[in-house]
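# Provide a 3D model corresponding to the input given below.
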Amino acid sequence: MKYRNPFHVNVFPYRVQKGQIEFLLMRRLPHGGGFWQGVSGGVLVDEDRTLAAERELEEETGFQTGVQSLGFTYSYPVGEKDNPKYAPDVKEVVEHAFVADVSGLGETILSREHDAFKWQRFSDIDMKEYIACRYCPTS
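Numbering: from 1, shown residues only. Here you go, the predicted model:
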């Protein structure tokens, strides 16, 4: 059986509008969780993480540009529904964070993984609906 690589990338596309930085958030389809996220995807076996981030950015948004590593990684546990995708000894997925300046590159073209998008300043992002909090405890 071929298992999924336990390394992912998360790209935060941004643009500068009227002197303000805005980040692109996209909503996953309901069967994919219905949460808001940046560009996220798996790193293929033997694929460079930066190239994976650029590939995912183009696949999910249509933007063709370079990305910059934030030098930041985080991990999250492999959930029960994801277990069959990964080798039996994999207990967590490591995500590598990137940013991409997409100012002036045209309109966002969503992939089939998402049904909506919005541009928001960081201070306006509701972290409760963002992907990072899909693992947060509920109160």
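
# hey, let's count contacts and neighbours off CA atoms from now on
Noted.

# Give me the residue at the spatial middle of the chain.
Most central residue of the chain, judged by C-alpha distance to the mean C-alpha position with C-alpha atoms, centre = their mean, is Ser40 at 2.3 Å.

# Which strand or helix spans that residue?
Per DSSP states H and E, Ser40 falls inside strand 39-42.

# Run the chain-centre distance for that strand.
4 Å (C-alpha atoms, centre = their mean, to the nearest Å).

# Just to check, the residue nearest to the centre of the chain is in contact with Asn10?
Yes: the criterion here is C-alpha atoms under 8 Å, and Ser40 meets it with Asn10 at 4.4 Å.

# ok, back up a step: for the strand holding Ser40, packing partners?
strand 7-17, helix 49-61 (3 or more C-alpha pairs under 8 Å, 6 or more residues apart in numbering; DSSP states H and E).

# Swap in 6 Å and give it another go.
strand 7-17 (3 or more C-alpha pairs under 6 Å, 6 or more residues apart in numbering; DSSP states H and E).

# so Asp89 is in which element?
Residue-wise, Asp89 maps onto no helix or strand under DSSP H and E.

# Ramachandran angles for it?
Per-residue torsions, Asp89: phi -90, psi 0 (degrees, to the nearest 10).

# mind checking how far it is from Phe98?
27 Å (C-alpha to C-alpha, to the nearest Å).
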